[in-house]
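>>> got a sequence here, can you model it:
(one chain, ligands or ions: 1)
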Amino acid sequence: MESFSGEKVTLRPPREEDCELLASLRNDLRTQGWNQRLPPTRTPEIIKEKLKELGKKPNTALLMIDTKEDGAVGYVDYSERPPRLGATIGISIGTEHWGKGYALEAIELLLEFLFEERGLQVVSGWTLSGNKRAVGAAKKLGFERSARVREGAMIGGRVHDTVLMDMIREEYFESRGKENGMKGGGR
Ligand SMILES: CC(C)(COP(=O)(O)OP(=O)(O)OC[C@H]1O[C@@H](n2cnc3c(N)ncnc32)[C@H](O)[C@@H]1OP(=O)(O)O)[C@@H](O)C(=O)NCCC(=O)NCCS
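Residues are numbered from 1 along each chain as shown. All right, here's what the predicted structure looks like:
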């Protein structure tokens, strides 16, 4: 898969040396603890095998968030869901690089690819109500909360709602002042 570059961030396919960072993100409760189904048991070797499997799946990718100042800081991923012409995305960035604007730019690049190149109708992401950074970043990018599973998860002994944030194709083009080449999107 190709790479996409913004001002601070380049999204690029993972390399073998990224497995260390990917494993550390998966083993840190602050960067994966929002997903309770993932025990902190990943090693760089396991990640390497997972990346090989992922590489065989169509319309799915994991891309490293590479930065000019800090090198690789995290990843974004997406997986398309054909029935709604949509994709679900995810993101994780190492805690020492939070608050530098990397997530906003990385997701913007991913949205550009998914709406403008893949022609999708909707892009969604799951998070938890207590994840203020993720919900705040999603809102700033123009995502709306479209579903809430009340008390869907328990983190650190506290109950949180699981929320689905999404953005519709028309909203993306309108908010970015861009021409939507596929108005109506078949709906
Ligand atoms: C969520 C995450 C990707 C954000 O990364 P980041 O690089 O810190 O985000 P950015 O600096 O690009 O953008 C942060 C934006 O989020 C919002 N934000 C940040 N902290 C916030 C808070 N405490 N309350 C409300 N909004 C907040 C702001 O809009 C901010 O933009 P601004 O600083 O220009 O106002 C990162 O915290 C992370 O990897 N978390 C763990 C994994 C995760 O939760 N993934 C997402 C859902 S599962």
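
>>> the host helix or strand of residue 153 pairs with which strands, parallel or anti?
Using DSSP states H and E, residue 153 sits in strand 144-155. Strand 144-155 sits in its sheet next to strand 158-168 (antiparallel), going by DSSP bridges.

>>> contact partners of the partner strand?
86, 111, 121-131, 135, 138-139, 141-154 (Cβ atoms under 8 Å, 6 or more residues apart in numbering). Bear in mind the C-beta positions are built from the backbone N, C-alpha and C, glycine included.

>>> against which helices or strands is the following helix or strand past it packed?
Using DSSP H and E, the helix or strand that follows strand 158-168 towards the C-terminus is helix 169-175. Helix 169-175 sits against no helix or strand, with contacts defined as 3 or more Cβ pairs under 8 Å, 6 or more residues apart in numbering; DSSP states H and E.

>>> can I get helix 169-175 in PDB? Just the C-alpha atoms.
Extracted in PDB, the C-alpha atoms of helix 169-175 (Å, rounded to 0.1, in the frame of the first residue of the first chain):
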ATOM      1  CA  ARG A 169     -19.600  11.100   3.300                       C
ATOM      2  CA  GLU A 170     -21.600  14.200   2.700                       C
ATOM      3  CA  GLU A 171     -20.500  15.600   6.100                       C
ATOM      4  CA  TYR A 172     -16.900  15.000   5.200                       C
ATOM      5  CA  PHE A 173     -17.000  16.900   1.900                       C
ATOM      6  CA  GLU A 174     -19.200  19.700   3.200                       C
ATOM      7  CA  SER A 175     -17.100  20.400   6.300                       C
END
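
>>> who touches it?
With Cβ under 8 Å, 6+ apart, helix 169-175 has contacts from 111, 115, 120-123, 142, 144, 178-180, 182-183, 185.

>>> mind listing which of these are in helices?
Counting by DSSP state H, the part of these found in helices is residue 111.

>>> picking that back up, contacts with the ligand among the contacts of strand 158-168, please.
When Cβ under 6 Å from any ligand atom is applied, the members of the contacts of strand 158-168 adjacent to the ligand are 127, 131.
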